[in-house]
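[1] Let's see this in three dimensions:
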Amino acid sequence: MRHTTRGTRREARMRTVAAATSTRATAAGSLLRTVCLVAAIGAGAADAQDTVPIAAGKYLIGDGVAGTAGPAHRVELAAFHIDRYEVTNRQFSAYLDALDIVVHADAAAGDVPRTALGGPDAALVFHGPPHGSERPHIELDDSDARIGLRDERFAARPGFEDHPVTEVTWFGARAYCRWRGGRLPSEAEWEAAARGPGGRTYPWGEHAPTRELAVYGRRRGDTAPVGSRPRGATPEGVHDLAGSLAEWTSSLYRPYPYRRDDGREDPQADGERVTRGGDYVFDSSPEALRTWFRGGFSRAPDRGHRHIGFRCVVADRQPAR
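    Numbers count the residues shown, from 1 in each chain. Okay, here's the model as predicted:
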């Protein structure tokens, strides 16, 4: 009887030790994943620090001529900060590394097979069944994507690290900005940043576009590094708001006048989302590069596009006065 009791106690202690060991292993694994995720988020947050303040005020929005940008009207906005540059392939790769995706093999940018990735979030980088998502964040199997796989990580195609990221959907742009602690700008905020308090025609002023001021009128895939046209920046210091890539905004594509409370800023609503800024290949006319242009080509939020990128905004960091 005594021998049986000792054996029972020994077995109980062994089960307790095994359970504790398993718990410690699970906790260690969770801690390691948390540390990696925090490190990745930290890298993204560091990239977010180069922003430009936009003052609160009433900004002129739209065009006085009848059309999709009319009528001209004023919108009152709170202060915010907007990214100085468009989000790059390097920056979006860091975001993808923070997702729960396992990279099984190297793959060239624009030719990532679905079999190369695993994990719960792998569907977010492909569109549609059987292995993709109906609301992907990016389409890495599209030939115009510039992010591939290297050394078990996501990596920008060499030479394109600092080019604006392509093939990101509206859902992916929104998720990236949230990951970074920000959000997409509304189209009114975007126009206020591009147009300024004086209502500029172009981000740099009133002069017609030139190759020194903007990236436009180029071949498919012929993007340029962000900030490569410093003369075309706004007086406040925001770059590439005309040409380069068109940019996702948070707003549904609805007629003007703009009203934030009429449902167009509902992130759960279905419908096309406004893109701004013209682009380097499709909407490259002087008219399309104007600060109020909102008739961009392709606005489906669930698809990636070779000519659409994005930037983020954050709330004003300055204390109220």
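
[2] pLDDT below threshold where in this protein?
    For the chain, the stretches flagged by pLDDT under 70 are 1-49, 317-321.

[3] top strand in it by residue count?
    For the chain, the strand with the greatest residue count under DSSP state E is strand 246-252.

[4] the helices in the protein, which residues?
    Listed in chain order, the helices of the chain (DSSP state H) span 2-47, 89-98, 170-179, 187-195.

[5] so what does the shortest one touch, helix or strand wise?
    Think helix 187-195. Contacts defined by 3 or more CB pairs under 8 Å, 6 or more residues apart in numbering; DSSP states H and E place helix 187-195 against strand 51-54, strand 57-61, strand 73-77, strand 80-83, strand 246-252, strand 273-276. The C-beta positions use only the backbone N, C-alpha and C, and glycine is treated the same way.

[6] nearest to residue 284, of these?
    Residue 284 lies closest to strand 246-252 among the helices and strands packed on helix 187-195, at 10.5 Å (CB to CB).

[7] who's in contact with that closest one?
    86, 168, 170, 173-174, 183-190, 241, 258, 263-267, 269, 271-279, 283, 296-297, 301, 305, 307-311 (CB atoms under 8 Å, 6 or more residues apart in numbering).

[8] Determine the angle, from 0 to 180 degrees, between it and helix 187-195.
    Per axes from the mean of the first three to the mean of the last three CA atoms, to 10 degrees, the angle that strand 246-252 makes with helix 187-195 is 140 degrees.

[9] Return the list of strands paired to strand 246-252, each annotated with direction.
    strand 273-276 (antiparallel), strand 308-309 (parallel) (DSSP bridges).

[10] now the ones you listed as CSV including mean neighbour count and distance to residue 122?
    Shown next, in CSV, are the strands paired with strand 246-252 (neighbours: other CB atoms under 10 Å; distance: least, CB to CB, whole Å):
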stretch, mean neighbour count, distance to residue 122
strand 273-276, 26, 25
strand 308-309, 29, 23
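
[11] Make TSV out of those strands and add distance to residue 59.
    TSV is the format used below for these (distance: least, CB to CB, whole Å):
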stretch	distance to residue 59
strand 273-276	14
strand 308-309	23
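
[12] coming back round to it: from the contacts of strand 246-252, which would you call buried?
    Buried residues within the contacts of strand 246-252, counting neighbours by 16 or more other CB atoms under 10 Å: 86, 168, 170, 173-174, 183-190, 241, 258, 264-265, 273-279, 283, 296, 301, 305, 307-311.

[13] doesn't residue 300 make contact with residue 127?
    No. Using CB atoms under 8 Å, residue 127 makes no contact with residue 300, being 10.4 Å away.

[14] In terms of neighbours, single out the busier of these two.
    Legend: neighbour count by other CB atoms under 10 Å for residue 127 and residue 300, higher for residue 127 (22 against 13).

[15] Quick one: residues contacting that one.
    So residue 127 contacts 133-134, 136, 139, 169, 302-304 (CB under 8 Å, 6+ apart).

[16] Repeat that for residue 119.
    Each residue near residue 119 by CB under 8 Å, 6+ apart is listed here: 99-102.

[17] Can you tell me how far it is from residue 289?
    41 Å (CB to CB, to the nearest Å).

[18] looking at the helices and strands packed on helix 187-195, which is closest to residue 237?
    That would be strand 51-54 among those, by CB to CB, at 5.0 Å.

[19] Quick check: buried residues in the closest one?
    51-52, 54.

[20] do stretch 284-302 as well
    Applying 16+ other CB under 10 Å to stretch 284-302 flags 284, 288-294, 296, 298-299, 301-302 as buried.

[21] what do you get for stretch 162-179?
    So for stretch 162-179, counting by 16+ other CB under 10 Å, buried means 162-177, 179.

[22] Then stretch 63-71?
    63, 69.

[23] Report the separation between the two terminal residues of it.
    6 Å (CA to CA, to the nearest Å).

[24] got it, and stretch 283-292?
    Taking CA to CA, the first and last residues of stretch 283-292 lie 13 Å apart.
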